[in-house]
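J.: Return atomic coordinates for the entry below.
(one chain, ligands or ions: 2)
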Amino acid sequence: MGKIGVIGSGTWGTAIAVLLNNNGHQVDLWSAIPQEIEEMRSTHKHKNLPEVTLPDSIRYTADLEEAMKEKDMLVLSVPSVFVRSTARRMKEFCPQGQIIVDVAKGIEEDTLKTMTEIIQEEIPQCEPAVLSGPSHAEEVSRGLPTTCVAGSRKKRIAEAVQSAFMSPVFRVYTSPDVLGIEVGAALKNVVALAAGAADGLGYGDNTKAALITRGIAEISRLGMAMGGSFQTFAGLTGIGDLIVTCASMHSRNRRAGILIGKGYTMEEAMKEVQMVVEGVYSARAALALSKKYSVPMPIVEAVNQVLFEGKPAKDAVTDLMMRDRRIENTSLPWEE
Ligand SMILES: NC(=O)c1ccc[n+]([C@@H]2O[C@H](COP(=O)([O-])OP(=O)(O)OC[C@H]3O[C@@H](n4cnc5c(N)ncnc54)[C@H](O)[C@@H]3O)[C@@H](O)[C@H]2O)c1
Ligand SMILES: O=P(O)(O)OC[C@H](O)CO
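T.: Ligands and ions are numbered 1, 2, ... in the order given. Next comes the predicted model:
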């Protein structure tokens, strides 16, 4: 068993620390917020995972150097907007060849870079990898069966991540399609906002199925234009994660969407959810990418109009329904 530093003790980082601890690793869990560490140390509780008692065997620390020292692997689990600043702080303590597994899901708005691209840029000496898939912290921390994908261009690194995380309740596949994984992870949050808004408007399962299906069509079109593989978007980190995020009451993106569908503003919805709503940060980046790669993304466009231009969610759905008529299957010719 190895030594692993989990950098970021939000809901997901803490669930991952519990999972890795249960796998027999020595885990250090770090937070940028010392009070958070103090609270976990003294109460053995995380405010967003009330059903879980945090084990004594995890070391809770606010000292970044300590959390990173002599580790077989690091997991970077801060929300996507803090990935660059945290990676910058990590650089000086990071040895050559250190594996850093990103678990945040987002695209940087200003640069349109993925999380592993940011990590590699800030910490050139490291080996970045990604772990993604349909995995709500509330369920992982309770040991409910979950599947994910470990992505790295290098097989040995993907397999090292797979070995560290794999357990009877956490099955891990490997993939070299890091870009495809990261695009799917970031964009499913934007579509989940739309699915939540449909729920908030009182629409039904038909609407949800339409958003999921047309959503993955948009995501895969963009992802393939960027160099990702179709199989990835049909897999756990694509359609799999999109389904769970659009359907689960654990999803912060869906919950924020529900409130927006009920008439809350984006700011009011984010405040109410009280945890990071990544889709709000990725929505503009997704729209910019759709323009950059000339890929039409009507759901992403509609979400941007609702979030940032004050368009009522109901009107956005009507406009999506009334777009120009289209053919769904373009691979078969019509009969004369
Ligand atoms: N929660 C899940 O089920 C889940 C599952 C898979 C992936 N993710 C992804 O993991 C990432 C983190 O999500 P989360 O659920 O832990 O969010 P969260 O809302 O629980 O994270 C909040 C945490 O961010 C950290 N933070 C606050 N300010 C910071 C700063 N200035 N610098 C560094 N860290 C700071 C604090 O530790 C705080 O607890 C997101 O990208 C999310 O998409 C979450
Ligand atoms: O709660 P959400 O909407 O941020 O989704 C969490 C995870 O990404 C689900 O796999």
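J.: got the contact list for residue 131?
T.: By C-beta atoms under 8 Å, 6 or more residues apart in numbering, the contact list for residue 131 reads 75, 101, 102, 103, 148, 149, 150, 151, 161, 165, 172. (C-beta placed from N, C-alpha, C; glycine too.)
J.: Narrow these to those in strands?
T.: 75, 101, 102, 148, 149, 150, 151, 172 (DSSP state E).
J.: Would you reformat those as JSON lines and include distance to residue 63?
T.: Below are the ones in strands among the contacts of residue 131 laid out as JSON lines (distance: C-beta to C-beta, whole Å):
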{"residue": "75", "distance to residue 63": "17"}
{"residue": "101", "distance to residue 63": "21"}
{"residue": "102", "distance to residue 63": "22"}
{"residue": "148", "distance to residue 63": "29"}
{"residue": "149", "distance to residue 63": "32"}
{"residue": "150", "distance to residue 63": "28"}
{"residue": "151", "distance to residue 63": "30"}
{"residue": "172", "distance to residue 63": "29"}
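J.: Please identify which of those is nearest to residue 128.
T.: residue 102 (6.4 Å; C-beta to C-beta).
J.: Now do the residue nearest to residue 292 when sequence neighbours are not counted against residue 106, distance only.
T.: Nearest non-adjacent residue to residue 292, counting by C-beta to C-beta, 6 or more residues apart in numbering: residue 112, 6.9 Å away. To residue 106, residue 112 is 11 Å away according to C-beta to C-beta, to the nearest Å.
J.: shared neighbours of those two, anything?
T.: Residues touching both residue 112 and residue 106 (C-beta under 8 Å, 6+ apart) are residue 285.
J.: Of these two, which one has the most company?
T.: In this view residue 112 and residue 106 are compared by other C-beta atoms under 10 Å, and residue 106 has more residues nearby, 25 against 15.
J.: The contacts of residue 131: which ones sit near ligand 1?
T.: With C-beta under 6 Å from any ligand atom as the criterion, the contacts of residue 131 include residue 103 near ligand 1.
J.: Adding pLDDT and neighbour count as columns, could you present the contacts of residue 131 in JSON lines?
T.: Below are those laid out as JSON lines (pLDDT from 0 to 100; neighbours: other C-beta atoms under 10 Å):
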{"residue": "75", "pLDDT": "99", "neighbour count": "27"}
{"residue": "101", "pLDDT": "98", "neighbour count": "29"}
{"residue": "102", "pLDDT": "98", "neighbour count": "30"}
{"residue": "103", "pLDDT": "98", "neighbour count": "23"}
{"residue": "148", "pLDDT": "98", "neighbour count": "26"}
{"residue": "149", "pLDDT": "99", "neighbour count": "28"}
{"residue": "150", "pLDDT": "98", "neighbour count": "25"}
{"residue": "151", "pLDDT": "98", "neighbour count": "29"}
{"residue": "161", "pLDDT": "98", "neighbour count": "23"}
{"residue": "165", "pLDDT": "98", "neighbour count": "23"}
{"residue": "172", "pLDDT": "98", "neighbour count": "21"}
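J.: with the contacts of residue 131 in mind, which one is nearest to ligand 1?
T.: Nearest to ligand 1, judged by C-beta to the nearest ligand atom, of the contacts of residue 131 is residue 103 at 5.3 Å.
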